[in-house]
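S.K.: Coordinates only, no sequence provided:
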Ligand SMILES: C[N+](C)(C)CCCC[C@H](N)C(=O)O
Ligand SMILES: O=C(O)CCC(=O)C(=O)O
């Protein structure tokens, strides 16, 4: 039902965007159109990171068919097959020795003093063994390092053999996702074996959001649910929030006004990673429906249809502030802010959307020759964000919470009347990603991960 390619796939796309995507055959096409568009965007604007690099895959090493090894004085080359060799600098290999003398097996910290390695260090021997590449180093007392084959393949840099941090599959969505939104039950999320928690965070990782049904309609239960992921991030709004339209805090969220699609915390250097909402009650009035928009989906359409607009949004920093509380005046550092579309400097992939037009400060860093171009770009961005194809309107209610990836999915609400009580919490992006990484170790570690529940995290874990 859902298809994916290496990094992003548009699903639940509507006719307009689907025709674009179908034109180039979804599987390959999306990756192609994203790569092509990022290549064109990068060509337009050198400040953009390079488009995603292509990587080769190599055969798994079998004990009866060990790689070839050669040395040239500065590097050790490993021949995976006749066509594919990886070259590792001697100093790089010595620096990455993970024997108990060089690397703390519990804390996973380097013990070796990198700066005592002679710049021209050269192995006395490098040979293939069933367990990996064994390198003997010259020293007053012999030092032997062993590098597992899978670790060398994972960390090959000349050439790159696979994405170091394989970008997990992002399943992009339009308003069509209302037919079958990612959902888990409260029981699953709270189950102590963490399988449901892993399912929950996997949905968030793939979709950028997930509903939780069957949540007891209380702030206490909602807070406990939030804490299943990690500690709640406290801000000027408090820790766990339980709010209504009383301007208890100096922000329009604490009014009855409509809020357009936005991401929170654009005024922080480090916007929160996740945001959980649970509508506890709404009486004596109407409206207050919730809005969700997949910022990655909209950005992929912007890139395809308006690469110049994408490019200027990817490179123009946007200042922001939270100044409604007398005791607080938040601005990001540097105060010039960050672009609407943030990219991984290594892979060139889109990794963050930062957009809140209400919280935006004075645009006093614009290139005078690009002022109208920037406004044209945000106008197109806004048009795409607010199209019927993009907007997923969902009336929340007691018992159903929703969590969103605040780096990808924009949220908002329609104006309302009456008494409306919303509660929720922020979770930091690193707390979210750490919990997901630990759950992946527990439930999805592959044969090469070298970690195990019994032995614990290996010093060769691909995450280190
Ligand atoms: C979530 N909570 C109601 C506590 C605060 C909302 C803050 C909204 C702020 N304008 C922003 O976009 O970050
Ligand atoms: O009240 C709502 O439904 C959402 C409020 C909001 O957008 C926010 O708190 O960031």
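M.R.: Happy to help now that I have it. Every value quoted in this text rests on a predicted model; they were computed, and no experiment measured them. Ligands and ions are numbered 1, 2, ... in the order given.

S.K.: And for stretch 175-191, what's in contact with it?
M.R.: Stretch 175-191 is contacted by residues 11-14, 195-197, 199-200, 203, 206-207, 209-216, 221, 224-225, 228, 294, 388-394 when judged by Cβ atoms under 8 Å, 6 or more residues apart in numbering. Any C-beta I mention is one placed from the backbone N, CA and C, and that applies to glycine too.

S.K.: So among the residues you listed, which ones count as buried?
M.R.: 11-13, 196-197, 199-200, 203, 206-207, 209-212, 215, 221, 224-225, 228, 294, 389-392, 394 (16 or more other Cβ atoms under 10 Å).

S.K.: The nearest residue to residue 154 once chain neighbours are set aside: neighbouring residues, count only.
M.R.: Closest residue in space to residue 154, ignoring its immediate chain neighbours: residue 462 at 5.1 Å, by Cβ to Cβ, 6 or more residues apart in numbering. Residues near residue 462, counting by other Cβ atoms under 10 Å, number 19.

S.K.: circling back: could you list which of the contacts of stretch 175-191 belong to strands?
M.R.: The strands, defined by DSSP state E, take in 11, 209, 210, 211, 212, 213, 294, 392, 393, 394 from the contacts of stretch 175-191.

S.K.: want to throw those into a markdown table with distance to residue 123 and pLDDT?
M.R.: Output for the ones in strands among the contacts of stretch 175-191, formatted as a markdown table (distance: Cβ to Cβ, whole Å; pLDDT from 0 to 100):
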| residue | distance to residue 123 | pLDDT |
| --- | --- | --- |
| 11 | 50 | 58 |
| 209 | 51 | 98 |
| 210 | 50 | 98 |
| 211 | 56 | 98 |
| 212 | 54 | 98 |
| 213 | 59 | 98 |
| 294 | 50 | 98 |
| 392 | 57 | 98 |
| 393 | 63 | 98 |
| 394 | 61 | 98 |
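
S.K.: now, which of those residues lie close to ligand 1?
M.R.: Checking these against ligand 1 by Cβ under 6 Å from any ligand atom, not one of them is in range.

S.K.: Closest to residue 305 out of the residues you listed?
M.R.: Set against residue 305, the nearest of the ones in strands among the contacts of stretch 175-191 by Cβ to Cβ is residue 294 (16.1 Å).

S.K.: My understanding was that the closest one contacts residue 409; is that so?
M.R.: Yes - if you go by Cβ atoms under 8 Å, residue 294 and residue 409 touch, sitting 5.9 Å apart.

S.K.: which neighbours do those two share?
M.R.: Counting by Cβ under 8 Å, 6+ apart, the residues touching both residue 294 and residue 409 are residue 208.

S.K.: Closest residue of the stretch 351-464 of the chain to ligand 2?
M.R.: residue 413 (3.7 Å; Cβ to the nearest ligand atom).

S.K.: OK, contacts around that residue?
M.R.: If you count contacts by Cβ under 8 Å, 6+ apart, then residue 413 has 258, 259, 288, 289, 290, 291 around it.

S.K.: What does the pLDDT read for the nearest residue to residue 186 once chain neighbours are set aside?
M.R.: Once flanking residues are discounted, residue 186 sits nearest to residue 214: 4.2 Å by Cβ to Cβ, 6+ apart. pLDDT recorded at residue 214 is 98.

S.K.: thought residue 214 was touching residue 399?
M.R.: Yes - Residue 214 lies in contact with residue 399 (Cβ under 8 Å); the separation is 6.4 Å.

S.K.: and the nearest residue to residue 90 once chain neighbours are set aside, what helix or strand is that in?
M.R.: Residue nearest to residue 90 in three dimensions, not counting chain neighbours: residue 121, with 5.2 Å by Cβ to Cβ, 6+ apart. Assigned by DSSP states H and E, residue 121 falls within no helix or strand.

S.K.: next one: residue 303
M.R.: Going by DSSP H and E, residue 303 is part of helix 295-305.

S.K.: what pLDDT, on average, does that helix get?
M.R.: Mean predicted lDDT for helix 295-305 stands at 98.

S.K.: Quick one: name the residues of this protein near ligand 1.
M.R.: 237, 241, 243, 251, 253, 262, 264, 265, 356, 359.

S.K.: Export those residues as JSON lines, with columns for pLDDT, distance to ligand 2 and secondary structure.
M.R.: Listed next are the residues of the chain next to ligand 1 as JSON lines, based on pLDDT from 0 to 100; distance: Cβ to the nearest ligand atom, whole Å; DSSP: H, G, I helix; E, B strand; the rest coil:
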{"residue": "237", "pLDDT": "96", "distance to ligand 2": "8", "secondary structure": "coil"}
{"residue": "241", "pLDDT": "98", "distance to ligand 2": "8", "secondary structure": "strand"}
{"residue": "243", "pLDDT": "98", "distance to ligand 2": "8", "secondary structure": "strand"}
{"residue": "251", "pLDDT": "98", "distance to ligand 2": "8", "secondary structure": "coil"}
{"residue": "253", "pLDDT": "98", "distance to ligand 2": "4", "secondary structure": "helix"}
{"residue": "262", "pLDDT": "98", "distance to ligand 2": "7", "secondary structure": "strand"}
{"residue": "264", "pLDDT": "98", "distance to ligand 2": "5", "secondary structure": "coil"}
{"residue": "265", "pLDDT": "98", "distance to ligand 2": "9", "secondary structure": "coil"}
{"residue": "356", "pLDDT": "98", "distance to ligand 2": "9", "secondary structure": "coil"}
{"residue": "359", "pLDDT": "98", "distance to ligand 2": "10", "secondary structure": "coil"}
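
S.K.: between these, which is nearest residue 65?
M.R.: residue 265 (52.3 Å).

S.K.: Contacts only, for that closest one.
M.R.: Contacts of residue 265 by Cβ under 8 Å, 6+ apart are 235, 271, 272, 406, 426.

S.K.: so which two of those residues are the farthest from each other?
M.R.: 235 and 406 (12.2 Å).

S.K.: Looking at the two, which is more packed in?
M.R.: residue 406 (27 against 18).

S.K.: No more questions from me, cheers.
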